[in-house]
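Enquirer: just a sequence and a predicted model for now, questions to come.
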Amino acid sequence: MTLDIQKFKERLEQEKKDVESSLSEIARINPANPNDWETTPVPAENNPEMRDELADFLEDLGEREATETELEQRLTSITQALARIAAGTYGLCHICHNPIETERLEASPVATTCKTHLNQK
């Protein structure tokens, strides 16, 4: 069975747009490093009930930072998968260099290993 690389490329490109959109709602690109995102706090003036409640503000910031980190990691995985497509190595296990099972790629198009090497990095 031949892997439909174009289908995975389109899926990854759409997911990249979605992740970047989600990131832009809670973070901004770091001006010193365009490959890094920085969490932006909710401005107090946009959320008057939090103006004097530092604990709530810090809790919200912590949640935004956790979400930003998760989204940024996902974006990195997507970008790396798209780079593998461009290099012609997409769908190959980076450990044994055998094809990654199609059902594994369907479940996670950013997968870098076959099922045999699932728990190895």
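Expert: It's in.

Enquirer: flag every buried residue along the helix or strand bottoming out on mean pLDDT in the chain.
Expert: For the chain, scoring each helix and strand by mean pLDDT, DSSP states H and E identifies strand 33-39 as the least confident one, at a mean of 82. Residues 37, 39 are the ones in strand 33-39 that count as buried (16 or more other CB atoms under 10 Å). C-betas here are computed from N, CA, C, even on glycine.

Enquirer: same deal with stretch 104-121?
Expert: Judged by neighbour count using 16+ other CB under 10 Å, the buried positions of stretch 104-121 are 104-105, 109-114.

Enquirer: one more: stretch 13-22?
Expert: Buried residues in stretch 13-22, counted by 16+ other CB under 10 Å: 15-16, 19, 22.

Enquirer: which single helix of the chain contains the most residues?
Expert: Looking only at the chain and at elements set by DSSP state H, the helix with the highest residue count is helix 54-87.

Enquirer: after that helix comes which helix or strand?
Expert: Of the helices and strands lying after helix 54-87 in sequence (DSSP states H and E), the nearest is helix 102-107.

Enquirer: quick one: mean pLDDT for that following helix?
Expert: Mean pLDDT, helix 102-107: 95.

Enquirer: which ones among the buried residues of stretch 104-121 map onto helices?
Expert: Where the buried residues of stretch 104-121 overlap with helices, as defined by DSSP H, the overlap consists of 104-105.
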